[in-house]
Structures are given as structure tokens and as C-alpha cells.
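**Q** what follows is a predicted protein model with its sequence.
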Amino acid sequence: MASIRMRAVSKRYGKTESLAVDRVDLDIAEGEFVVLLGPSGCGKTTTLRLVAGLERVSGGELSFDDHLMTDVPPEGRNVGMVFQNYALDPHMTVFRNLAFGMQARRTAKAEIGRRVWSGLTRAGSARRALSTRRAQLTEAT
């Protein structure tokens, strides 16, 4: 694992230079559990794609452990991400879906529980996540 630092990171698309991510400054400590929240179209997925190297940074700097990663291709980053909606297993609870990646990396069970619960509590969704399945999310909101 590594710390992640974003300094004035921006992403522009197309000939019109449409701004998708606007000068994001973000520090994520090694091992820290982070949740990006916001309305549809605000740049959450684009920000994650920039970190993973699936999109090129248009401006600013992206570093892992103080190593500049802005121009490093995805295969050189050791980053995984869970995509929106349909990547979630409809038969598992929200909690189990969030824990899935850490289970695949063989993170200790107690650590998985602590990190997922912490993120869900901060997002105000902890109680619902234990019993709600992906298929119920649209109905429940």
C-alpha cells in the first residue's frame, strides 16, 4: 500500500476542454479507508480513474509515496477500483460488496470489518449496509 497525494489535479475532455475534475487537492495516508461521495456527474469516478491511470491527468500532480505517478501507466500503479452500480454483486449486502476487495487481498477479517464499518458510518449508511442488497438500493432511496 502507498500514500496518495493529489495536487491541483484536473481532467479536461474533448476539443472544448470540458472540465470533469477541477484542481483536486487530496492526501490519503497509507492504509486509510476513503469514500468519495457526491452527486452524479461531480467527478468521483473520473478522480478514481485518474488515480488508477485509466485516464490521463490534464493538469497537476499525482504521487504515490512521494513518487510522481502522473505519467505512469495503469500496470505500473498496483491500483484496483470498484466501478459504479453493476460491478456490485446483487446477491451480497452492501457491506459484503465493500469488503470484497479486501477479502481478495487476504486482509485480516477484523481489519476489513473496522475499515468498512468506519467508511459506512462516515457516509451515514452503516445500519442499512448490513441488510441491503444492491438490487434494493434504488428502491430504498
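**A** On my side now, so go ahead.
**Q** Asp65 reaches Ala29, doesn't it?
**A** No: taking contacts as CB atoms under 8 Å, Asp65 lies outside contact range of Ala29: 10.8 Å. Quick note: C-beta positions are derived from backbone N, CA and C, even for glycine.
**Q** spell out which residues are contacts of both of those two.
**A** Common contact partners of Asp65 and Ala29 (CB atoms under 8 Å, 6 or more residues apart in numbering): Ser3.
**Q** for the nearest residue to Ser10 once chain neighbours are set aside, what are phi and psi?
**A** Excluding the flanking residues, the one nearest Ser10 by CB to CB, 6 or more residues apart in numbering is Gly59, at 4.0 Å. Main-chain dihedrals, Gly59, degrees, to the nearest 10: phi -160, psi 150.
**Q** kindly report the same for the one 5 residues further on.
**A** Dihedral angles phi and psi of Phe64 (degrees, to the nearest 10) take the values phi -120, psi 120.
**Q** list the contacts of it.
**A** Remark: with contacts taken as CB under 8 Å, 6+ apart, Phe64 is in contact with 2-5, 77.
**Q** in strands, which of those residues appear?
**A** Among the contacts of Phe64, DSSP state E puts 4-5 in strands.
**Q** list only buried entries from the contacts of Phe64.
**A** Buried residues within these, counting neighbours by 16 or more other CB atoms under 10 Å: 2, 4-5, 77.
**Q** which one of the contacts of Phe64 is nearest Val116?
**A** Distance to Val116 across the contacts of Phe64 (CB to CB) is lowest for Ile4, with 19.2 Å.
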